[in-house]
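Trainee: using only what follows, build the 3D model:
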Amino acid sequence: MPTLPSKELVAFPNPEPRRDYVVTFDVPEFTCLCPLTGQPDFAQFRVDYTPDAKIVELKSLKLYFWSYRDERAFHEAVTNRIADDLVAALAPRWLRIEAKWNVRGGIGTTVTVEHQGAKRR
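Mentor: Now for the predicted structure:
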């Protein structure tokens, strides 16, 4: 049975919740569609986060990013939506997403979103 894209982000317990550490994911082949022309837009995403109680499961993250392939979205909107979905699924102590969008019309775009979670006691 083939794997299909999915918006479900699966999380599991952080094995070291007492320690602050950074997890980094590189997503070099992100695609979605331009909302105006319908042409494909390409980006490289970098996700850095400090987990609290939960960590994202990598296959679900891959399928989540894949789920945008046929969606129309502006660069800023999709980058912020991905940040919001990861924050909702993980409630990280800190998260930063950087999306480097390929040149289109002579302009390259980088969108960076940062989330500062609740302070630890």
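
Trainee: could you give the bridge partners of the residue nearest to Phe25 when sequence neighbours are not counted?
Mentor: In space, and not counting its chain neighbours, Phe25 is closest to Val47: 4.4 Å by Cβ to Cβ, 6 or more residues apart in numbering. From N, CA and C alone the C-beta is placed, and that goes for glycine too. Val47 forms beta bridges with Phe25, Ile97, as assigned by DSSP bridges.

Trainee: which SS class is the residue nearest the centre of the chain?
Mentor: The geometric centre of the chain, computed from its C-alpha atoms, lies nearest to Ile82 (Cα atoms, centre = their mean), at 4.5 Å. What DSSP: H, G, I helix; E, B strand; the rest coil gives for Ile82 is helix.

Trainee: verify the stated contact: it with Phe45.
Mentor: Yes - between Ile82 and Phe45 there is a contact at 7.4 Å, judged by Cβ atoms under 8 Å.
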